[in-house]
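Enquirer: sequence plus predicted model, see below.
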Amino acid sequence: MAVTSLRRKLTFGAALCLLLIPGHRPLEQALPYAEAIRTPPEDVEGLRTQTVTVTTDHSQVSYRYPTLGGGHPLTVQARTLMAQRQTAFLERLPQKGTPELHQDVTILAASPRVLGARLTATTSTGRDQDLDSSTLWYDADSDRVLPWTSLFRDEEAIAQAHLALARTLGEGYDMPARRLPGLIGEVALGHPPQAEDAPSPDTASESGPDLADPERAREAARRWAGSPLEDVAFSTDAGLAVRMDPSHVPEAGRVTEVLVPVDPEDTEPLLSELGRKARDAALAGNDTDDLPTSGEPGSPGRTLDCARLKCVALTFDDGPGEHTDDLLDVLAEYDAHATFYVLGSMVTEFPATVERMATEGHELGNHTWKHDDLAEMTGEEVEEDLARTDEAVREVTGSDPPTIRPPYGSLNATVRRSVDRPLILWDVDTMDWQSREAEDISEHALAQTSPGSVVLLHDIHQTSVQAVPAVLAGLHRQGYHFVTVTDVFAGAALEPGEVYTDARPS
Ligand code: NI
């Protein structure tokens, strides 16, 4: 193994501390400090990321997440966690200065069998800056995203890791046992967190429950919440690098982070099979050209889970039209994805606009060829009209619209029997075709929207397009994420011929 050639190095941060406090500690007694293997995503071959940045007069938020192909569990989990945090930040936005929230990802392990990702969230309001970090581990064998606890053999191993940290802090940093922070102190004093119910014999072996089981790993993560191991990485010498808050280890001096080592020989017996896979990937430099992606890395598909998020689907009917490109510009500023219920006859008029919709991640819906009332047609006529519209869309985007919206919301039993896809109506009608006042339209949308709403607008009216900036700004401020109709229903099976108005929790 190449392990022996990798030596733990004193990082710049620890070196700086020694310079700042001359005489505090002789240089030859350097503090134990791990070098974490954290690979920027751009250095992992074949890994793509997506960055979302929204700047308004009250705040700036951004996040970058890995895109591993449509619906990949790690992409969905990472992005959903980031979106949830963004909502929480905006809902409790400080009223002074220009608060910022920046979320990012680095790669801790990458191989065909495992992907480890470190998520960081940096919140700043003026001079105060706060960092929160966590890790996610994707196991390709089970196609699941697991918490940090799954890197360990069992909970006894997790307790052992805390004891190893306690020893290093005690011996290396001269921290007295009573000052050991949080769970490290509790374990060192012989009080590890206990399961609420004693494990029954059939769920536990002698060494405790198997953390390869996702439910048990998550349970253990809840029990060990607040552990510094929530931000664990592998170190260049094949041990662990555990990030600790400098305020918990004042002995480390003025550093931005303290990476406490767990030695390789102490680490080895604690790791689970997933943990060893992840360690080997990290030590190999996260150098792989065969990532466990699903589909094409850049392919569209669900990238967030609206069942756990504040989502809204903005829908635009009857276009495209001459104002639609302006609308697409505005949507892009908020990374908003919308759904366009287009008329087949208009698709052929504005093919470039339709192509742009698809390229920019919006969804196309079928709104018939030229807005005829489907309820006045025979079944055969309904099928022909929708098929002709599908074909126009398919010719530009390469795929059929996944949902249908009947003009005027008009439908009957014949229509429902004749369609092979779900029929999508709306729960928020902005009445924009009638009022033609941008301010009325946006006020109406803001007042009526709730999580899971489907909002009806028309991009053929200039006043409607002019209302959208205020709608986006207002809903963004409330913590909403703007998603397609397919996404707002959070992957629920929508039945052909069934009618849906919204995805609000019942
Ligand atoms: Ni219409």
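Expert: Alright, I've got the coordinates.
Enquirer: okay, helices next: where are they in the stretch 101-250 of the chain?
Expert: For the stretch 101-250 of the chain, the helices defined by DSSP state H, counting those that start in this stretch cover 155-172, 182-188, 214-223.
Enquirer: tell me what angle the longest one forms with helix 214-223.
Expert: When you say that, I think you mean helix 155-172. Compare the direction of helix 155-172 with that of helix 214-223 by axes from the mean of the first three to the mean of the last three Cα atoms, to 10 degrees and you get 40 degrees.
Enquirer: report all helices and strands that helix 155-172 contacts.
Expert: Other elements packing on helix 155-172 under the criterion 3 or more Cβ pairs under 8 Å, 6 or more residues apart in numbering; DSSP states H and E are helix 182-188, helix 214-223, strand 240-244, strand 258-262, helix 264-267. Quick note: C-beta positions are derived from backbone N, CA and C, even for glycine.
Enquirer: and the longest one, what does it pack onto?
Expert: Same thing as helix 214-223. Helix 214-223 makes packing contacts with strand 144-146, helix 155-172 when contacts are defined by 3+ Cβ pairs under 8 Å, 6+ apart.
Enquirer: turn these into JSON lines, columns for mean neighbour count, mean pLDDT and distance to residue 219.
Expert: Shown next, in JSON lines, are the helices and strands packed on helix 214-223 (neighbours: other Cβ atoms under 10 Å; pLDDT from 0 to 100; distance: least, Cβ to Cβ, whole Å):
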{"stretch": "strand 144-146", "mean neighbour count": "21", "mean pLDDT": "96", "distance to residue 219": "12"}
{"stretch": "helix 155-172", "mean neighbour count": "20", "mean pLDDT": "96", "distance to residue 219": "10"}
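Enquirer: against the ion, how distant is residue 46?
Expert: The spacing between residue 46 and the ion, counted by Cβ to the ion, to the nearest Å, is 43 Å.
Enquirer: make residue 1 into 58 and carry on from there
Expert: OK, 58 is where the count begins now, so the last one is residue 103.
Enquirer: need the three-state assignment for that residue.
Expert: Secondary structure, DSSP: H, G, I helix; E, B strand; the rest coil: residue 103 is coil.
Enquirer: pretty sure residue 204 is touching residue 274, no?
Expert: Yes - in this structure residue 204 lies within contact range of residue 274 using Cβ atoms under 8 Å: 5.5 Å.
Enquirer: picking that back up, out of the helices of the stretch 158-307 of the chain, nearest to the ion?
Expert: Counting by Cβ to the ion, the ion lies closest to helix 271-280 out of the helices of the stretch 158-307 of the chain; the figure is 44.8 Å.
Enquirer: ok, now which ones touch the residue nearest to residue 134 when sequence neighbours are not counted?
Expert: For residue 134, the nearest residue in space outside its immediate sequence neighbours is residue 202; the separation is 4.5 Å by Cβ to Cβ, 6 or more residues apart in numbering. For residue 202, the residues meeting the contact criterion (Cβ atoms under 8 Å, 6 or more residues apart in numbering) are 130, 131, 134, 193, 194, 195, 196.
Enquirer: bridging residues for residue 202?
Expert: Under the criterion DSSP bridges, residue 202 forms beta bridges with residue 195.
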